[in-house]
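J.: what's the 3D shape of this:
(chains A, B, C and D)
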Protein chains: 2
Amino acid sequence: MPKTLPMVDISAPICCAPVSAAPLDDDTALEIALRLKALADPVRIKLVSILLADSGDGICTCDLATAVGLTEATTSHHLGQLRKAGMVTPDRRGMNVYYRARPDSLEALRNVLSVTTGCC
Amino acid sequence: MPKTLPMVDISAPICCAPVSAAPLDDDTALEIALRLKALADPVRIKLVSILLADSGDGICTCDLATAVGLTEATTSHHLGQLRKAGMVTPDRRGMNVYYRARPDSLEALRNVLSVTTGCC
DNA sequence: CTACCTTTTCGACATATGTCAAGTCTCAGG
DNA sequence: CCTGAGACTTGACATATGTCGAAAAGGTAG
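T.: From the prediction side, this is the model:
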């Protein structure tokens, strides 16, 4: 990958015409690809599923680390990627940081992938 | 990534409970992640959008290469990744290979990402 | 302030990935 | 059977990424 990908902020839910509407321009393709990349890892999709299934006030990094069987450093890295992509939000309470899923962001991404309808 | 990802066939549309239903087991997380990884590239998502928008009998590698502005070798590599993920199908006619999108596979992946409903 | 716990950041390492050039394969037309 | 055009494969290379241990940052309690 000689060409370094541009750095863009993808923390907001994506909002654009669906991929099937017309050939994507480069900027939109990048926006979509970066968000997909955030989810395209077994650990991260698992983290998202854990957080989506949680109905409480969030789960702390340490508990998530044991849930996925990785060190806290690595788990924090994955959570950081998900946060940058707007898929989770951190919430510091005392010594711990509790994460929650952001279903709206996931849903927005889903809509863009739609073969029929868009999001806006 | 010290741990090499297992090699699994992902050419069929995915079929499993949605990520929000419950924490994913490792196998399912891998299945989903590999398919997402196939799409998580600006060039590939663009290729998919081009093929989805095409209402004809497919588009050949050479035309796709010029559409994304890359060499045919690189384009062929990306198409191969998409084919392995079941997102496109090749169709050889004479000297050319024409690719078409597989909306069913994309739709299946969308369903798995659903926050509410699954695919099966 | 000190001691301790949790999280993030940093440095290092091995593996994976995107890209191209060059070589190889496949096929249509003489 | 050749030959040439197009597509695919291979090799090489630079960059990106996942993982960990160690160190730093943030926060609590004594």
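J.: confirm residue A:99 sits in a helix?
T.: No. Going by DSSP: H, G, I helix; E, B strand; the rest coil, the assignment for residue A:99 is strand, not a helix.
J.: shaky segments in chain A?
T.: Scanning chain A for pLDDT under 70 picks out A:2, A:117-120.
J.: once you drop chain neighbours, what's closest to residue A:22?
T.: Leaving out its chain neighbours, the residue that sits closest to residue A:22 by CB to CB, 6 or more residues apart in numbering or on different chains is residue B:53, at 5.3 Å. (Glycine included, C-beta is placed from N, CA and C.)
J.: list the contacts of the one you found.
T.: Going by CB atoms under 8 Å, 6 or more residues apart in numbering or on different chains, residue B:53 touches A:20-23.
J.: mind running it again at 10 Å?
T.: Neighbouring residues of residue B:53 by CB atoms under 10 Å, 6 or more residues apart in numbering or on different chains: A:19-24, B:59, B:101.
J.: and if you look at residue A:73?
T.: When contacts are counted by CB under 10 Å, 6+ apart, residue A:73 touches A:61, A:65.
J.: cool, residue A:84 as well?
T.: Each residue near residue A:84 by CB under 10 Å, 6+ apart is listed here: A:9-11, A:34-35, A:38.
J.: gap between it and residue B:18?
T.: Counting by CB to CB, to the nearest Å, the gap from residue A:84 to residue B:18 is 24 Å.
J.: does residue A:100 touch residue A:79 like I think?
T.: No. Counting by CB atoms under 10 Å, residue A:79 is not a contact partner of residue A:100; they are 11.1 Å apart.
J.: residues in chain A within reach of DNA strand C, list them.
T.: Counting by CB under 7 Å from any atom of the strand, chain A comes close to DNA strand C at A:1-3, A:60-62, A:65, A:72-73, A:76-77, A:79-80, A:90, A:95-97.
J.: let's see it at 6 Å
T.: Proximity of chain A to DNA strand C (CB under 6 Å from any atom of the strand) is limited to residues A:1-3, A:60-62, A:72-73, A:76-77, A:79-80, A:90, A:95-97.
J.: narrow these to those that are buried.
T.: Buried by 16 or more other CB atoms under 10 Å in any protein chain shown: A:60-61, A:76, A:79, A:90, A:97, out of these.
J.: still on that earlier bit, so which of the residues of chain A next to DNA strand C sit within helices?
T.: If you go by DSSP state H, those have A:61-62, A:72-73, A:76-77, A:79-80 in helices.
J.: contact partners for residue A:75?
T.: By CB under 10 Å, 6+ apart, the contact set of residue A:75 is A:43, A:47, A:61-69, A:99.
J.: next: residue A:7.
T.: Contact analysis of residue A:7 by CB under 10 Å, 6+ apart lists residue A:34.
J.: hang on, the earlier thing: now list the buried members of the contacts of residue A:75.
T.: With neighbours counted by 16+ other CB under 10 Å, these contain buried members at A:43, A:47, A:61, A:64-65, A:68, A:99.
J.: keep those residues, but drop any that are not near chain B.
T.: When contact is defined as CB under 10 Å from any CB of the partner chain, the buried ones among the contacts of residue A:75 meet chain B at A:43, A:47, A:68.
J.: residue A:19: neighbour count?
T.: 27 (other CB atoms under 10 Å in any protein chain shown).
J.: what residues are up against the closest residue to it other than its chain neighbours?
T.: Excluding the flanking residues, the one nearest residue A:19 by CB to CB, 6+ apart is residue B:49, at 4.2 Å. The contact partners of residue B:49, by CB under 10 Å, 6+ apart, come to A:17-25, A:28-29, A:32, B:101.
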